[in-house]
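Peer 1: have a look at this prediction, sequence included:
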2 protein chains.
Amino acid sequence: MPGPITQLAIVGSGMIGASWAALASAHGLAVSAYDPAAKAEPKFRAYVTRAKGQLAELGLTGQGEIRFSTDLASALAGAQFVQENGPENEAVKRGLLREIQRASPPDAIIASSTSALVRSAIVADCPEPRRVIVAHPFNPPHLVPLVELVGEDREVVETAAAYYRAQGRRPVIMNKEMPGHIANRLASALYQEAVYLVEQGVASVADIDAALCNGPGLRWALMGPHMTYHLGGGAGGIAGYLAHLGPSQLKRWESLGKPSLDEGVRQAIIDGVAEEAAGRSIPELEARRDDGLMALLKARKLVSE
Amino acid sequence: MPGPITQLAIVGSGMIGASWAALASAHGLAVSAYDPAAKAEPKFRAYVTRAKGQLAELGLTGQGEIRFSTDLASALAGAQFVQENGPENEAVKRGLLREIQRASPPDAIIASSTSALVRSAIVADCPEPRRVIVAHPFNPPHLVPLVELVGEDREVVETAAAYYRAQGRRPVIMNKEMPGHIANRLASALYQEAVYLVEQGVASVADIDAALCNGPGLRWALMGPHMTYHLGGGAGGIAGYLAHLGPSQLKRWESLGKPSLDEGVRQAIIDGVAEEAAGRSIPELEARRDDGLMALLKARKLVSE
C-alpha cells in the first residue's frame, strides 16, 4: 500500500487548477503545476496568493511548496496524485489524459476536473484507465466542499475520496457515470424553471434570484431536498410527505416550463443580471461571493461541532 | 394614509401561524391569534416561546403581547394586518378569506400564507378582493426571509412589502400569479431531477443531498442562479455564459429525467432518508436546521454589512 499523498501535480493552471493548488498547499502538500503557456504563471500565482489568504482566514496555514513548469514531464515527476483541468473538449481531454498517464509514476491517481464530459469517453485511450477518475469540483474548489467522483476501481476511488476528505472536501461517490454528474444536473433543472419564470414575466431576474437565496437556497446550504421534504412532512416525515403530497409534486412536475433561450429571453436575462449587479464588476461580485462562502463555512462548522 | 401597522391577527395557529406570531411579537407588534380549537393553544404557545428564544439570539427582543382566541371576530377586532394560515383546500380557504374580510376592519390587509393555491381562486368570494393578497413564506417564516407576494392593487402590495421588510423579511413581488409561486417551482424542478437520480441509482439519497448542500446549495444561500452563471461565465459574465454555454444548457435540459414516484422509488427515498437521518428524530433535525439557519443568517449579515 502506498504512503500518504504528499505530492500533487496540477495540469492546467487556470482558475480551477490554481484553486486546487492553493487548497493542497494550505494542507502542506507539495504542488507542481503545469501549463503549456509560460504567461499563465503570473495569473496562477496571483490567484493562489489570494486563495491562500482566504484559506488562512479559515485556519489553513500550510505552506506546501508550489512550483510552476511549462514542461509536462517535469511537472509530473514524483506526483502521487494528478488533478487535470484542461479544456472541456472530449478529443483534447482524451489525448491529454493519455499523455499524463504515460508521463506519471505508475501508481499515481489521475483525476479529471471535467464538468461536462463523462469518464468513459475521456479515459478510453489511457494505458491503465482504472487509475483515472473524474473528480469534479465546484467553483471555487478551495472553498466549496463538493467533489463528485466517478471511477471503475473501488480502491482507487476510495483512495481519492480519502485524499479529498483530508483536504476538508466532501467527496460524493457516484455509482455510475451521468452527463453533468449530480449537482450540475440539479442546478440545470432548477435553472430551466428560473428561465421559464423570466420568459413568462413572472418576476424580475433579481427577484427570482432573491427568491432562491432567501428561501430554499438558504435551507439547501444545510440540507438537501430529500431531507428538506422529510422536515416538511410533519410527524410522518418523508413517508408522510410522499403519501400526501407526492401526487401534487407529480402535478407540479407536469406544469414546469420548457423555456427557449432565444434572443429575447437571453436579452431579458442579460438586462436583468445587469440590474441585479447594480454596477458591481465581476471581480467585486466574486470577492463578495467568496467572503460569503467563507462566512457560511465558518457558520456551518460552528453548528456541526 | 393609515398609520404604521402595530396590530396583527393570525388566523390558524399551527406551525406557520405560530412562527409569524413570534416574528411580529419580537418586532414589538401586538398579535391576536385565532384557532377554532382551544386545544391548539398550548402547542401554539410552546412554538412561539421556542421561536422567540431563537429570535432573541438574533437580537430581536421585542415583547409584543400575544393573545389567543377561539372566536374569529374578537381575534380580528382592531387588526390592521391579518395573516391567514388555514388548510390548503381551495373551497375552505375561499370561504375563510371571505369570512375574515367580513369580520375585519375595512382597511385591514389580509394576507394568505397559501403555498399551493393561486390568489384568483381564493379571493373570488371576498367583498373587496383588492385588499387580499397572497404572502407565501418559507418554513420557518421567523427565520427564512423570503415572502412571495401576489396582489392586484399595487399600493396594497407595496404596503404589505414594507410591512414584511420592517420585520426583516425579503418580499418578492410577483407580476402575475403562478401555481407554486416562484421558489417552490424552482424547488420542485430540482426535486424532480433529484428523484430521477435516485430512480437511476446514480448515488444514495444521502449523497445526492450532500451534493446539493456542499455544492450549489452553498452558493445559492448567497446568490440566485442567474448571478451564479454570471460569475461562471468568465470575463464575459452572463452574456458570455449564454453565448458559449447556452446550447449545452438546452442539451442538458433535454436530458433531464422524468421519474415516476411509484412504490419502488418511494421506498428507495424513504430508506435513503432513514439512512441519512441516522437515528435522529424530526424534532432533533429541525432543531439542527434552525441552529444552522440562525448561524447562516448571522454570517450573511456580517458579510452584507
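Peer 2: Arrived safely. Please read all numbers here as calculations on a predicted model, not as lab measurements.
Peer 1: where do the domain boundaries of chain A fall?
Peer 2: Partitioning chain A according to automatic domain parsing yields domains covering residues A:7-173, A:183-222+A:260-304.
Peer 1: dump those into CSV; add mean neighbour count as well.
Peer 2: For every residue, glycine as well, the C-beta is placed using N, CA and C. CSV is the format used below for those (neighbours: other C-beta atoms under 10 Å in any protein chain shown):
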stretch, mean neighbour count
domain A:7-173, 20
domain A:183-222+A:260-304, 20
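Peer 1: any chance of the ones you listed in a markdown table, plus distance to A:Ala235 and mean pLDDT?
Peer 2: Conversion of the domains of chain A to a markdown table gives the following (distance: least, C-beta to C-beta, whole Å; pLDDT from 0 to 100):
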| stretch | distance to A:Ala235 | mean pLDDT |
| --- | --- | --- |
| domain A:7-173 | 30 | 97 |
| domain A:183-222+A:260-304 | 19 | 94 |
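Peer 1: for chain B, find the nearest of these.
Peer 2: Among those, domain A:183-222+A:260-304 comes nearest to chain B, with 2.4 Å by C-beta to the nearest C-beta.
Peer 1: quick one, helices of the stretch 1-150 of chain A?
Peer 2: Defined through DSSP state H, counting those that start in this stretch, the helices belonging to the stretch 1-150 of chain A, from first to last, are A:15-26, A:40-57, A:72-76, A:90-103, A:119-122.
Peer 1: strands of the stretch 51-200 of chain A, start to end?
Peer 2: A:66-69, A:81-84, A:109-112, A:132-137, A:146-150, A:170-173 (DSSP state E, counting those that start in this stretch).
Peer 1: A:Gly215 is nearest to which of those strands?
Peer 2: Taking C-beta to C-beta, strand A:146-150 is the member of those nearest to A:Gly215, at 21.1 Å.
Peer 1: ok, A:Met223 touching B:Ala210?
Peer 2: No. The criterion here is C-beta atoms under 8 Å, and A:Met223 misses it with B:Ala210 at 9.3 Å.
Peer 1: can you add distance to B:Val303 and give the domains of chain A back as CSV?
Peer 2: As requested, these are exported to CSV (distance: least, C-beta to C-beta, whole Å):
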stretch, distance to B:Val303
domain A:7-173, 13
domain A:183-222+A:260-304, 5
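Peer 1: format those as TSV; extra columns: distance to chain B.
Peer 2: What follows is the domains of chain A, written out as TSV (distance: least, C-beta to the nearest C-beta, whole Å):
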stretch	distance to chain B
domain A:7-173	4
domain A:183-222+A:260-304	2
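Peer 1: of all those, which lies closest to B:Ser255?
Peer 2: Between these, domain A:183-222+A:260-304 lies closest to B:Ser255; by C-beta to C-beta that is 8.1 Å.
Peer 1: residue nearest the middle of chain A, spatially speaking?
Peer 2: Central residue of chain A (C-alpha atoms, centre = their mean): A:Phe138, 1.7 Å from the mean position.
Peer 1: can you pull the contacts of it?
Peer 2: Residues counted as contacts of A:Phe138 (C-beta atoms under 8 Å, 6 or more residues apart in numbering or on different chains) are A:144, A:146, A:183, B:214-216, B:218-219.
Peer 1: and A:His244, how many neighbours?
Peer 2: Number of residues near A:His244 (other C-beta atoms under 10 Å in any protein chain shown) recorded here: 12.
Peer 1: equivalent analysis for the one 10 residues further on, please.
Peer 2: Around A:Glu254 there are 9 other residues, counting by other C-beta under 10 Å.
Peer 1: what secondary structure does it sit in?
Peer 2: helix (DSSP: H, G, I helix; E, B strand; the rest coil).
Peer 1: correct me if wrong: A:Pro105 contacts A:Gly78.
Peer 2: Yes. Checked against C-beta under 8 Å, the pair A:Pro105 and A:Gly78 is within contact range at 6.8 Å.
Peer 1: so what's the residue lying closest to A:His181 once chain neighbours are set aside up against?
Peer 2: If you skip the residues right next to it in sequence, A:His181 has A:Glu148 as its closest partner in space, 4.3 Å away by C-beta to C-beta, 6 or more residues apart in numbering or on different chains. If you count contacts by C-beta under 8 Å, 6+ apart, A:Glu148 has them with A:134-136, A:171-172, A:174, A:181-183, B:211.
Peer 1: could you rerun that using 10 Å?
Peer 2: Residues counted as contacts of A:Glu148 (C-beta atoms under 10 Å, 6 or more residues apart in numbering or on different chains) are A:115, A:134-138, A:170-174, A:178, A:180-184, B:203, B:207, B:211, B:215.
Peer 1: same check, this time on A:Leu55
Peer 2: With contacts taken as C-beta under 10 Å, 6+ apart, A:Leu55 has the following neighbours: A:22-23, A:25-27, A:61-62, A:142-143, A:168, A:294.
Peer 1: ok, 8 Å please
Peer 2: By C-beta under 8 Å, 6+ apart, the neighbours of A:Leu55 are A:22-23, A:26, A:61, A:142.
Peer 1: dump the residues you listed to JSON lines, plus distance to B:Glu284.
Peer 2: JSON lines is the format used below for the contacts of A:Leu55 (distance: C-beta to C-beta, whole Å):
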{"residue": "A:Ala22", "distance to B:Glu284": "37"}
{"residue": "A:Leu23", "distance to B:Glu284": "33"}
{"residue": "A:Ala26", "distance to B:Glu284": "34"}
{"residue": "A:Thr61", "distance to B:Glu284": "35"}
{"residue": "A:His142", "distance to B:Glu284": "32"}
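Peer 1: that'll do, ta.
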